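>>> below are the sequence and a predicted model; questions follow.
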Amino acid sequence: MLLVFGSINVDMAFDTEVLPRAAETVMGKGYRISPGGKGANQAHAARLDGSATTLVGAVGNDAMAEMALQALISAGVDLSHIQRLKGQTGCAAIVVDGQGENQIVVAPGVNLAARADLVPPEVLARANVLLLQMETDYSQNTALALRARQLGCPVVLNNAPAKPLGVDLLQALDVLIVNQPELTMTTQILGISANDPGVLVQTLSQRCSFSVVLTLGGQGLIACRPGEKPLMLPAMNVKVVDTTGAGDTFSGVFAAALARQQSFEQALMRGLVAAGLSCTRPGAQLAQPKAEDIDEALAAYQTLHRI
Ligand code: RIB
């Protein structure tokens, strides 16, 4: 079982030709209200790929809560430990331009009050992998990661949105997933620098004794396990409509594949292909592929790249 502790939001997404600059008003083409939040997106992606998935997080006591949980319920994510708190459900304002790039502002609402100590010991004991991101409180993530570590449950952290990582959390990790700005923040604090991203990823992995995955959008990813050479995987060639939540789709499908005992490389490829497919449709959870679509695209990807 994959256990995700993380944020649950409602996304309000606006399509425009260009992203607005400071003090600028741009006219949009339309808008969508749909479920989002990095934790919820990752749990949803994992479940659509066929993994038993439990999500722990918080929603408010407002009208947004049901909308935020709707797709998770339909997909069959275990929500029995969701906390329903007094306050607002998290909400994100997203602007998507003609190239599918986005800008996102998140009002976290009760996500920051989600408590990790409400993850029952028996649920944590059943987890094959714990997946975390950074839209919930840092200290809650750290406490849960340490509990998982003590039980021998691998911990995967997607440091998004990026926060400086302390020694406690770093020592509890098995895999760190970052994009380029998130990698820069993490390595600068540790005094690690290199011009070549592969060297940077390898040095971080070696120094911290965990695997590092650097996601590069349309260029694919670079990943490295401690003591090994970095591995570069190209992205799938797709017509991009909306990149919102592509990183979440990658993280959820990758972590779920690890939880199902797939190899590191197989899990990376599965996540990469799923993320590519999610960019071909608008939205976060509503754009995510099912297991059979990932299987088909993965076979084509492996044939094309002779992997
Ligand atoms: O990663 C995309 C997600 O970031 C959106 O769904 C939004 O809710 C924010 O959490």
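Okay, I see it.

>>> which non-adjacent residue is nearest the one residue in the chain that gets nearest to the ligand?
Nearest residue of the chain to the ligand (CB to the nearest ligand atom) works out as Gly36 at 2.6 Å. (Glycine included, C-beta is placed from N, CA and C.) Once flanking residues are discounted, Gly36 sits nearest to Asp11: 3.4 Å by CB to CB, 6 or more residues apart in numbering.

>>> quick check: bridge partners of that neighbour?
Per DSSP bridges, the residues bridged to Asp11 are Ser34, Ala92.

>>> do Ala107 as well
In this entry, Ala107 is beta-bridged to Cys91, by DSSP bridges.

>>> I figured it hits Gly90, correct?
Yes. Using CB atoms under 8 Å, Ala107 and Gly90 qualify as a contacting pair, with a distance of 6.6 Å.

>>> those two: which has the busier surroundings?
Shown here are Ala107 and Gly90; by other CB atoms under 10 Å, Gly90 has more neighbours (32 against 12).

>>> look up how far Ala259 lies from that one.
25 Å (CB to CB, to the nearest Å).

>>> what do you get for Arg281?
25 Å.

>>> Ser34 now?
Distance, Ser34 to Ala259, by CB to CB: 26 Å.

>>> which bits of the stretch 51-200 of the chain sit near the ligand?
92, 104, 106, 135 (CB under 6 Å from any ligand atom).

>>> the first one: neighbouring residues, count only.
The burial count assigned to Ala92 is 21, neighbours taken as other CB under 10 Å.

>>> can you pull the contacts of it?
Applying CB atoms under 8 Å, 6 or more residues apart in numbering to Ala92 gives the contacts 9-12, 36-37, 104-107.

>>> which of the residues you listed count as buried?
If you count burial by 16 or more other CB atoms under 10 Å, the buried members of those come out as 9-11, 36-37, 104, 106.
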